[in-house]
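**Q** coordinates for the following, if possible.
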Amino acid sequence: MDWIGHGGSDGLHGYVHSLDYAVNDMKMFLERVFVENPGLPCFCFGHSTGGAIVLKATLDPQVENRVAGIILTSPAVGVQPSHPIFVVRTYSVISRGNPVSRDPEALVAKYSDPLVYTGPLRVRTGYEILRITSYLQHNMKRLKVPFLVLHGMDDTVTDPKASQKLYDEASTDKTIKLYEGLLHDLLFELEREAIMDDIIQWLNIGSILAHEALLVMVVSVTVLPRYIWKY
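**A** Purely as a prediction, here's the structure:
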């Protein structure tokens, strides 16, 4: 699921008036998933701001009781001072030199995709990111859904310390993976195969505990590199 203004969704590219729209869209999409796939465990995946959207959606009691678990890569629970949000004159993350991966070929593959926004961070979108991170900082203790959070320790966009805080304060069934030297886009990093193995292992364990089944429904609130998920 591409949130409004991103990927193939409607709206001005890179602009969102309220991330609550994206949260509500996700809830509606989940309802369709539940209806069309009764009895199957549903896992939600979110990267960066998508992770924040997943978290806020699963804080809703009507959602948390129906989701088997969530996977968060570099979630926007806290943002770094080097994030473009804090630059008065905002630029594209890439043009300003904020590194998100150490693999040049993967970056070319990502940013040559016309569905990926590479322009300046829009002011309203930046405000909405700060607003949702503030909400999560004040409400993360309410999270009860099992989760796996993964973060690169050298991320200059979102804060790995915030992911550690999420792990410390939220839920009881939880796993954290912190990767030394890795940047923001974990699934575009050189170590992506090992990271995917960590995710798949967690999904397999979670699906067995949830419904004695290995079939997993993944609801993705991010554009993932297509070549990564070929199995």
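
**Q** any idea how far residue 15 is from residue 111?
**A** Plainly put, residue 111 is 19 Å away from residue 15 if you go by C-beta to C-beta, to the nearest Å. C-beta here means a position set from N, CA and C on the backbone, and glycine is covered the same way.

**Q** which helix runs longest in this structure?
**A** In the chain, taking DSSP state H as the definition, the longest helix is helix 192-211.

**Q** show me what that helix is packed against.
**A** If contacts are counted by 3 or more C-beta pairs under 8 Å, 6 or more residues apart in numbering; DSSP states H and E, helix 192-211 sits against strand 42-47, strand 69-73, strand 147-152, strand 174-179.

**Q** comparing those by mean pLDDT, which bottoms out?
**A** Mean pLDDT per stretch puts strand 42-47 lowest among the helices and strands packed on helix 192-211, at a mean of 90.

**Q** adjacent strands (with direction) for that one?
**A** Applying DSSP bridges, strand 42-47 is found paired with strand 69-73 (parallel), strand 217-221 (parallel).

**Q** give me the low-pLDDT residue ranges for this structure?
**A** 3, 81-97, 207-231 (pLDDT under 70).

**Q** and the residue nearest the centre of it?
**A** When C-alpha atoms, centre = their mean is applied to the chain, the residue found nearest the centroid is residue 47 (2.0 Å).

**Q** buried residues, stretch 101-116. List them.
**A** 101, 102, 103, 106, 107, 109, 110, 111 (16 or more other C-beta atoms under 10 Å).

**Q** I'd like those as a markdown table, with distance to residue 29 appended.
**A** Shown next, in a markdown table, are the buried residues of stretch 101-116 (distance: C-beta to C-beta, whole Å):
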| residue | distance to residue 29 |
| --- | --- |
| 101 | 28 |
| 102 | 33 |
| 103 | 30 |
| 106 | 27 |
| 107 | 29 |
| 109 | 26 |
| 110 | 23 |
| 111 | 26 |
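
**Q** quick check, nearest of these to residue 36?
**A** Closest approach between those and residue 36, by C-beta to C-beta: residue 110, at 30.1 Å.
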